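# Would you be able to build a 3D model of this:
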Amino acid sequence: QVQLVESGGGLVQAGGSLRLSCTVSGRTFSAYAMGWFRQAPGKEREFVAAISWNTNTVYGDSVKGRFTVSRDNAKDTVYLQMNSLKPEDTAVYYCAAEGRPYSNYPRTGPLAYDYWGQGTQVTVSS
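Residues are numbered from 1 along each chain as shown. All right, here's what the predicted structure looks like:
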């Protein structure tokens, strides 16, 4: 059974930083791309960032230059470092694991991801 467990969310002031973590169990973590998505109340789920098995990365336009995705295969964990946070970054953040192994470029659409975490709330105050 594949499980994704996120941590690191919380309340932060605008301009601050947070680091989210997502630890995966039940599959060979190193073979799969991992993604981060977010969903604010009343809005659709939005792609944030993703990293392939061989560390190619892609970012959503709204977070480029502020967020960094990384992975530690020894710990089966993917991270999302969020800097210069804005109130509009407030959302529930989800990590997700792609269903296809060894894809060189991570995909940005949620349908490409087979497994999802439970979500962690990030709130940025102005």
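
# would you list every one of the strands in the chain?
3-7, 10-13, 18-25, 32-39, 46-51, 57-59, 67-72, 77-82, 91-101, 113-116, 120-125 (DSSP state E).

# could you dump those to TSV with mean neighbour count and mean pLDDT?
Glycine gets a C-beta too; all of them are placed from N, C-alpha and C. Below are these laid out as TSV (neighbours: other Cβ atoms under 10 Å; pLDDT from 0 to 100):
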stretch	mean neighbour count	mean pLDDT
strand 3-7	17	96
strand 10-13	13	98
strand 18-25	19	98
strand 32-39	25	98
strand 46-51	22	98
strand 57-59	17	98
strand 67-72	18	98
strand 77-82	22	98
strand 91-101	20	95
strand 113-116	18	96
strand 120-125	17	98
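
# Would you format the ones you listed as a markdown table with distance to residue 107 included?
Shown next, in a markdown table, are the strands of the chain (distance: least, Cβ to Cβ, whole Å):
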| stretch | distance to residue 107 |
| --- | --- |
| strand 3-7 | 17 |
| strand 10-13 | 29 |
| strand 18-25 | 17 |
| strand 32-39 | 7 |
| strand 46-51 | 7 |
| strand 57-59 | 8 |
| strand 67-72 | 14 |
| strand 77-82 | 15 |
| strand 91-101 | 7 |
| strand 113-116 | 8 |
| strand 120-125 | 22 |
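
# Would you confirm that residue 121 contacts residue 12?
No: with contact defined as Cβ atoms under 8 Å, residue 121 does not count as touching residue 12 (11.3 Å).

# center of this structure, which residue is that?
residue 36 (2.2 Å; Cα atoms, centre = their mean).

# For that one, which non-adjacent residue is closest in space?
residue 48 (4.3 Å; Cβ to Cβ, 6 or more residues apart in numbering).

# In contact with that neighbour, which residues?
35, 36, 37, 38, 59, 60, 63, 67, 80, 93 (Cβ atoms under 8 Å, 6 or more residues apart in numbering).
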